[in-house]
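# have a look at this prediction, sequence included:
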Amino acid sequence: MMNLFLKTLSLFFFVSFASGQEDSKRTSNTVVLDDTGVKNLRIETVEIEETTFEKTIFALGRIEVKPGSKAVVSSRIPGRAFSVLGLPDQEVEEGDELVWVESRQPGDPPPTVMLPAPMTGVISKVDIAVGQPITPDQSLIEIVDLNVVEASAHVPEHLASALKKDQVAHIRVPGFPDRVFEAKLAHIGVYADAESNTVEAAFHLPNPDKLLRPGMRAEFSVVLEKREGVVSIPRSALQGEASNRFVYVKDFDLPNAFVKTKVLVGEMNDRFVEITNGLLPADEVVIRGAYSLSFAGASSVSLKEALDAAHGHEHAADGGELTPEKKAEMEAAKKTAAGGGHAHEEEAGPMWMYLSIVLFALLLISLFSKKRGPVSGEEETLVKPNKKKVH
């Protein structure tokens with residue numbers, strides 16, 4: 001009977017402790033902001049969907065002039081520059097007048113020769129000024145066609161075997177951080193760079209707006225394969241270290257409430273992270289301001305206040321439903337604050353009251369067992385006085 005009683009007592013305290021732990025965990029993992037806090041942190045969320053996940057390799061490189069898309073203006077005769085019409089960054093058509101060269105042949109005036117644009121494009125360099133002497137081996141003006149540029153990626157050698165023609169790459173340029181350019185792999189370098197241990201992977205990238213200029217840095221994500229129906233999130237939503245990954249999920253019930261949720265991750269690419277456990281489709285994760293939410297606890301709204309406002313009735317301080325026991329605890333706390341600490345002696349919380357009763361019952365059982373417990377036969381034998389018989 002004693003063992004059964006002790007097991008019941010242990011179960012009671014275990015349930016109470018587990019309940020308290022769960023409430024405490026919910027409180028510590030939920031951040032509730034007011035409208036001003038959401039605006040200041042610039043919180044943005046996105047709904048999770050099953051999407052096509054791309055396995056990619058990452059590489060750095062630059063934007064270059066596409067081979068065959070550059071021309072140089074020069075003079076076949078020596079002389080001096082009589083007139084220079086071409087200017088840097090000027091768009092020209094094939095045949096437009098660019099330079100007039102005054103010949104060294106005698107004459108009054110000396111004969112002049114016009115140098116036209118050899119191709120349509122943009123003037124990238126002007127290396128001549130009016131009156132400057134000119135020789136046949138001199139480059140005067142350079143013209144490039146930027147309608148299609150070459151994005152050259154420097155792929156590490158150990159990944160070169162994964163490259164194949166017509167693979168698509170997502171290309172980002174720091175000058176345009178909000179844009180992603182796409183192009184197909186046109187050719188792979190014949191030689192590897194011995195200094196950087198990389199292989200060139202060249203992509204021909206349409207550039208109708210002339211936004212991309214030769215020499216710009218670029219980041220490449222070359223798509224190797226695709227998988228359908230994968231739950232993934234933007235990389236900006238993932239927080240924590242490799243051993244403790246988590247995201248903030250928008251609460252379905254409370255406005256401006258975000259729950260810290262642990263997740264297991266699979267593969268990553270330049271934009272997305274595969275989630276293998278912890279999230280479901282239709283969850284909304286924070287993709288902007290997630291890092292700041294970790295430090296928003298001090299200024300956030302309490303979970304109790306948010307639940308009270310959302311549900312229209314009072315909740316416990318930890319956000320749980322206000323059971324009679326918790327209500328009694330709250331009343332006891334209020335009396336303690338009002339009575340300067342004397343109310344604590346008059347009315348304890350239900351848990352401590354149960355504990356006192358249990359301890360008192362254990363004391364009674366212990367005393368009762370000692371009185372009724374078995375005693376050995378030797379202890380029960382009474383020592384009687386030895387009386388001699390008088391004759």
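Here it is on my side, so go on.
# count the residues that sit near Phe295.
Counted with other C-beta atoms under 10 Å, the neighbours of Phe295 add up to 10. C-beta coordinates here come from the backbone N, C-alpha and C atoms, glycine included.
# direction included, what does the host helix or strand of Trp100 pair up with?
According to DSSP states H and E, Trp100 maps onto strand 97-103. Using DSSP bridges, strand 97-103 pairs in its sheet with strand 79-84 (antiparallel), strand 112-116 (antiparallel).
# tell me the most buried of these?
Of the strands paired with strand 97-103, the one with the most neighbours on average (mean count of other C-beta atoms under 10 Å) is strand 79-84, at a mean of 18.
# which residues touch the first helix or strand past that strand going along the chain?
Counting by DSSP H and E, the element after strand 79-84 in chain order, helix or strand, is strand 91-92. Outside strand 91-92, the residues within contact range by C-beta atoms under 8 Å, 6 or more residues apart in numbering are Gly86, Leu98, Ala117, Thr120, Gly121, Val122, Ile123, Ile143.
# where exactly do the helices run in the stretch 151-300 of the chain?
For the stretch 151-300 of the chain, applying DSSP state H, counting those that start in this stretch gives helices covering 290-293.
# select, out of the strands paired with strand 97-103, the one closest to Pro136.
For Pro136, the closest of these is strand 79-84, at 9.9 Å, according to C-beta to C-beta.
# pull the CA atoms of the closest one into PDB?
What follows is strand 79-84, C-alpha atoms only, in PDB (Å, rounded to 0.1, in the frame of the first residue of the first chain):
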ATOM      1  CA  GLY A  79      48.800  62.000 -89.900                       C
ATOM      2  CA  ARG A  80      47.100  63.900 -87.100                       C
ATOM      3  CA  ALA A  81      43.600  64.000 -85.600                       C
ATOM      4  CA  PHE A  82      41.700  66.800 -87.400                       C
ATOM      5  CA  SER A  83      38.300  66.000 -85.800                       C
ATOM      6  CA  VAL A  84      37.200  63.500 -83.100                       C
END
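# average pLDDT for it?
In this model, strand 79-84 has a mean pLDDT of 95.
# next one: stretch 38-56
Computed over stretch 38-56, the average pLDDT equals 92.
# between the two ends of it, what distance do you get?
With C-alpha to C-alpha, to the nearest Å as the measure, stretch 38-56 spans 34 Å from end to end.
# also stretch 224-244?
One end of stretch 224-244 sits 28 Å from the other (C-alpha to C-alpha).
# list the buried residues of that stretch.
Val230, Val231, Ser232, Ile233, Ser236, Ala237, Leu238, Gln239 (16 or more other C-beta atoms under 10 Å).
# in contact with the residue nearest the centre of the chain: list those residues for me.
The chain has Ser236 as the residue nearest its centroid, 2.2 Å off, counting by C-alpha atoms, centre = their mean. Ser236 makes contacts with Ile287, Arg288, Ala290, as judged by C-beta under 8 Å, 6+ apart.
# are any of those residues buried, and which?
Ile287, Ala290.
# biggest strand in the chain, by residue count?
Counting residues, the longest strand found in the chain (DSSP state E) is strand 217-234.
# name the helices or strands packed onto that strand?
strand 50-65, strand 148-156, strand 168-172, strand 198-206, strand 272-277, strand 284-288 (3 or more C-beta pairs under 8 Å, 6 or more residues apart in numbering; DSSP states H and E).
# possible to save those strands as CSV with distance to Thr112?
Below are the helices and strands packed on strand 217-234 laid out as CSV (distance: least, C-beta to C-beta, whole Å):
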stretch, distance to Thr112
strand 50-65, 31
strand 148-156, 36
strand 168-172, 46
strand 198-206, 40
strand 272-277, 62
strand 284-288, 63
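# circling back to that earlier point, now the strand holding Trp100: average pLDDT?
95.
# show me what counts as buried in it.
Of all the residues in strand 97-103, those buried under the rule 16+ other C-beta under 10 Å are Leu98, Val99, Trp100, Val101, Glu102, Ser103.
# contact partners of that strand?
Contacts of strand 97-103 (C-beta under 8 Å, 6+ apart): 73, 75, 77-86, 92, 109-117, 123, 128, 134, 140-141.
# so what's Pro118 closest to, chain neighbours aside?
Sequence neighbours aside, Ala71 is the residue nearest to Pro118 in space, at 4.4 Å (criterion: C-beta to C-beta, 6 or more residues apart in numbering).
# so what's Ile148 up against?
Heads up, residue 148 is Val, not Ile. Taking C-beta under 8 Å, 6+ apart as the test, what Val148 contacts is Lys66, Ser69, His204, Leu205, Pro206, Asn207.
# now, which of these sits nearest His170?
Leu205 (11.3 Å).
# what about the closest one, how many neighbours?
So Leu205, with other C-beta under 10 Å, has 21 neighbours.
# can you verify my assumption that it contacts Glu150?
Yes - contact status for Leu205 versus Glu150: in contact at 7.2 Å, counting by C-beta atoms under 8 Å.
# who touches both of the two?
Ile63.
# follow-up on the earlier one: now the residue nearest to Pro118, which residues is it bridged with?
Ile143.
# state the distance from it to Glu142.
Applying C-beta to C-beta, to the nearest Å, the value for Ala71 to Glu142 is 7 Å.
# now Lys260
57 Å.
# many thanks, I have nothing further to ask.
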